[in-house]
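In: Below is the sequence, then the predicted model.
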Amino acid sequence: MQSKNKTLVRAMDVLQLFVGHPKLTLNQMTALCGIPKTSVHRMVHSLEEMGLLTKESDGAYRLGLLFLHYGQLVAERLDIRHAALGVMRGLRDEIGEAVHLVMREGKECIYIEKLDTDQPVRLFTKIGRKAPLYAGASSRVILAFLPEEERERYLADTELAVIGTGTITDKTKLRHALQQCRQSGYSFSRAELENYTAELSAPVFNYTGGIAAALSIAGLEVRFDDRSIPELAERLKRAAAELSYELGWNGSLTS
């Protein structure tokens, strides 16, 4: 474990050099960081394979485009969390259930913000929790509004495993649920990620009309009866639309 930590620290030392230098050769990196050239060569090769460094035609290296991708993700998530908090507070106070903000991360979704409720018995969801895109209302909202080709590729490549008693594991049923979500503008799940819980979720769109996040209310299943769902869904959709407009959405969707 210590050797791994040492290697990681050395790799970060190499990357840190690029804060003050747009381009560096292997010799320059070796001279600046004081690490043996053979070690620098190995680390730079690994960093290049991972997309963290890019080698140019003159043999020098610069930071890879992967940093731009990470930077955009961080900026987007910070911006959307900041924009969402007011909407989330209003929704939480109006409905009295926990409110979640969820974004996609590869083949999963990740909970990036949560406002709890004052209910004596509550659903505990940690920020940073992940779930597969096929399970749970928020995941399904994100999957439903992905471009069709991307959505179908995910469905073809993914095995649907049981997580909770209500998890959908039949792809025909899942496709039907996704279609219903696109038509109604919301998704509802019972016991898909945790037994005895329910989640109601609506899409949040960005300025391009693409799916940016999912906004949801969640709690114990007994508090979500069938008669209350339509009204709760309309309140949730209004809040999600408000957040979408704050992100620059003009009301239209990408195809």
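Out: Okay, I see it.
In: From now on I want contacts and neighbour counts done on CA atoms only, so please keep to that.
Out: Fine.
In: Which strand or helix spans Trp101?
Out: That one is not Trp; residue 101 is Leu. Element membership of Leu101 [criterion: DSSP states H and E] is strand 98-105.
In: C-terminal to that strand, what's the next element?
Out: strand 108-115.
In: So which elements touch that next one?
Out: Applying 3 or more C-alpha pairs under 8 Å, 6 or more residues apart in numbering; DSSP states H and E, one finds that strand 108-115 contacts helix 65-95, strand 98-105, strand 130-132.
In: For that strand, which strands pair with it and how are they oriented?
Out: strand 98-105 (antiparallel), strand 130-132 (antiparallel) (DSSP bridges).
In: Point out the most buried one among those.
Out: strand 98-105 (a mean of 24; mean count of other C-alpha atoms under 10 Å).
In: who's in contact with that strand?
Out: Contact partners of strand 98-105, identified using C-alpha atoms under 8 Å, 6 or more residues apart in numbering, comprise 81, 84, 88, 91-92, 109-117, 123, 133, 138-139, 142, 212-219.
In: Then stretch 150-167?
Out: With C-alpha under 8 Å, 6+ apart, stretch 150-167 has contacts from 107, 134-136, 143-144, 168-171, 189-195.
In: Show only the entries of these found in strands.
Out: Ser189, Arg190 (DSSP state E).
In: Now the buried members of the contacts of stretch 150-167.
Out: Tyr134, Ala135, Gly136, Leu143, Ala144, Ile168, Ser189, Arg190, Ala191, Glu192, Leu193, Glu194 (16 or more other C-alpha atoms under 10 Å).
In: Roughly how far does the closest residue to Gly248 other than its chain neighbours sit from Val74?
Out: Once flanking residues are discounted, Gly248 sits nearest to Tyr207: 4.3 Å by C-alpha to C-alpha, 6 or more residues apart in numbering. Distance, Tyr207 to Val74, by C-alpha to C-alpha, to the nearest Å: 17 Å.
In: follow-up on the earlier one: TSV please, covering the strands paired with strand 108-115 and showing distance to Cys33 and mean pLDDT.
Out: Output for the strands paired with strand 108-115, formatted as TSV (distance: least, C-alpha to C-alpha, whole Å; pLDDT from 0 to 100):
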stretch	distance to Cys33	mean pLDDT
strand 98-105	34	94
strand 130-132	37	94
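In: got CSV for those strands, with distance to Gly59 too?
Out: CSV is the format used below for the strands paired with strand 108-115 (distance: least, C-alpha to C-alpha, whole Å):
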stretch, distance to Gly59
strand 98-105, 34
strand 130-132, 40
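In: So for Ser244, which of the ones you listed sits nearest?
Out: For these, proximity to Ser244 was assessed by C-alpha to C-alpha; strand 98-105 is nearest, at 12.4 Å.
In: Helix 65-95 and the closest one, what's the angle between them?
Out: Angle between the axes of strand 98-105 and helix 65-95 is 160 degrees (criterion: axes from the mean of the first three to the mean of the last three C-alpha atoms, to 10 degrees).
In: Format the CA atom coordinates belonging to strand 98-105 as PDB.
Out: Output of strand 98-105 as PDB, limited to C-alpha atoms (Å, rounded to 0.1, in the frame of the first residue of the first chain):
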ATOM      1  CA  ALA A  98     -36.800  14.300   1.100                       C
ATOM      2  CA  VAL A  99     -35.700  15.900  -2.200                       C
ATOM      3  CA  HIS A 100     -32.800  14.600  -4.300                       C
ATOM      4  CA  LEU A 101     -30.800  15.900  -7.200                       C
ATOM      5  CA  VAL A 102     -29.300  13.100  -9.300                       C
ATOM      6  CA  MET A 103     -26.900  13.200 -12.300                       C
ATOM      7  CA  ARG A 104     -25.600  10.600 -14.700                       C
ATOM      8  CA  GLU A 105     -22.100   9.200 -14.300                       C
END
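In: Figure out how far it is from the centre of its chain.
Out: 7 Å (C-alpha atoms, centre = their mean, to the nearest Å).
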